[in-house]
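Colleague: Provided below for reference: sequence and predicted model.
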Amino acid sequence: MIGAHRSAIKALLGALPVQLTFYSGGQVPDEPTFPYAVLYMDTSIEDGTHLCGDTDMATFRFQVTSVGLSDDSAVIVADAARTLVLDVRPTVAGRSCTRIRKETSIPVRADKDVTDTATSLHPMFAVDTYVFTSRKD
């Protein structure tokens, strides 16, 4: 079940414009292609909504970290990712998903731990988290 939900979110973000690179699972190469988005996704919090208590619902949260060599490019990536996921209902076989909503955001900031070797610049990044629920059909 978890894998199907991860695949649905990866498919949505995989539609980023060709000039933006998409990495998933938190894996970014030592020398990434800028600008880019990287997906981090949890494994869900499950709950039962019926009187019997059987688990039939899962809440998923995922994070999109948007990275560029300027604050403007990080914002462009964040906006492109938001456009692809916000208010979308992920499609997962045998499940009904709610619309994805944005949960939190942090301001664009420099990653002082990293320096791009080609430009000697610190990449700028923004972090947005999203949430949706999924119920068994």
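Modeller: Yes, it's here.
Colleague: the helix or strand of the chain with the lowest mean pLDDT pairs with which strands, and in what direction?
Modeller: Scoring the helices and strands of the chain by mean pLDDT, DSSP states H and E places strand 45-48 at the bottom, with a mean of 80. Using DSSP bridges, strand 45-48 pairs in its sheet with strand 55-68 (antiparallel).
Colleague: who touches the following helix or strand past the partner strand?
Modeller: For strand 55-68, the following helix or strand on the C-terminal side (DSSP states H and E) is helix 71-85. By Cβ atoms under 8 Å, 6 or more residues apart in numbering, the surrounding residues in contact with helix 71-85 are 9, 12-13, 15-17, 20, 34-37, 64, 66-68, 100, 102, 108, 123-126, 128, 130. Placement of C-beta: from N, CA and C, glycine included.
Colleague: stretch 5-15 now?
Modeller: Applying Cβ under 8 Å, 6+ apart, the external contacts of stretch 5-15 come out as 22, 24, 37, 39, 41, 44, 58, 60, 62, 64, 81, 84-85, 88, 90-92, 95, 97, 134.
Colleague: any quick PyMOL command for the buried ones out of the contacts of helix 71-85?
Modeller: With 16 or more other Cβ atoms under 10 Å as the criterion, this PyMOL line picks the buried residues out of the contacts of helix 71-85:
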select buried, resi 9+12+13+16+20+34+35+36+37+64+66+67+68+100+108+123+124+125+126+128+130
